[in-house]
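J.: Just to be clear, the model below is a prediction. Sequence and coordinates:
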Amino acid sequence: MLHHLAIIPDGNRRWAKDRGLPTLEGHRRGYDKIKDIGGWCVDRGIRNLTVWGFSTENWKRPEEEVGYLMNLIFLALTKELPFYNQ
């Protein structure tokens, strides 16, 4: 039985660019996918999900993008935390 899943999201900006969407929309959709994976883990009894959501390289991105990513992380760790603690 799998008890822990770790993921490193990558390619959200490329995904958005390939579809003619803004970078931030790619990040939002990536976050939505992480929530999908979280629900998948809950349904399958996987109790631990680790997401490597921000690296030191990300600090080199535009301020707006870094702020948006920080807000997504804040959202996950505050308002949406009950979803992940099922």
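T.: On my side now, so go ahead.
J.: rest of the way, CA atoms for contacts and neighbours
T.: Will do.
J.: Could you write out the alpha-carbon coordinates of the lengthiest helix in the chain in CSV?
T.: Among the segments of the chain that qualify as a helix by DSSP state H, the longest is helix 23-43. The C-alpha atoms that make up helix 23-43 are tabulated as CSV, following Å, rounded to 0.1, in the frame of the first residue of the first chain:
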residue,chain,number,x,y,z
THR,A,23,1.5,32.4,-17.3
LEU,A,24,-0.6,32.9,-14.1
GLU,A,25,-3.4,30.9,-15.6
GLY,A,26,-1.0,28.0,-16.1
HIS,A,27,0.0,28.2,-12.4
ARG,A,28,-3.7,28.3,-11.4
ARG,A,29,-4.5,25.3,-13.5
GLY,A,30,-1.5,23.5,-12.0
TYR,A,31,-2.8,24.2,-8.6
ASP,A,32,-6.2,22.9,-9.5
LYS,A,33,-4.4,19.7,-10.7
ILE,A,34,-2.6,19.4,-7.4
LYS,A,35,-6.0,19.6,-5.7
ASP,A,36,-7.2,16.8,-8.0
ILE,A,37,-4.2,14.7,-7.0
GLY,A,38,-5.0,15.5,-3.3
GLY,A,39,-8.5,14.1,-3.8
TRP,A,40,-7.1,11.1,-5.6
CYS,A,41,-4.8,10.5,-2.6
VAL,A,42,-7.7,10.8,-0.1
ASP,A,43,-9.8,8.4,-2.1
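J.: Use 868 as the first number from now on
T.: Done: numbering now begins at 868, and the last item shifts to helix 890-910.
J.: in its sheet, what does the following helix or strand past it sit against?
T.: Sequence-wise, the next helix or strand downstream of helix 890-910 (DSSP states H and E) is strand 915-918. Here strand 915-918 is paired, per DSSP bridges, with strand 871-874 (parallel).
J.: Alpha carbons of the following helix or strand past the strand it pairs with, as CSV, please.
T.: Counting by DSSP H and E, the next helix or strand C-terminal to strand 871-874 is helix 879-885. Listed next in CSV are the C-alpha coordinates belonging to helix 879-885 (Å, rounded to 0.1, in the frame of the first residue of the first chain):
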residue,chain,number,x,y,z
ASN,A,879,2.8,25.1,-16.0
ARG,A,880,4.2,28.2,-17.8
ARG,A,881,4.9,26.1,-20.9
TRP,A,882,1.5,24.6,-20.8
ALA,A,883,-0.1,28.0,-20.7
LYS,A,884,2.1,29.4,-23.4
ASP,A,885,1.3,26.5,-25.7
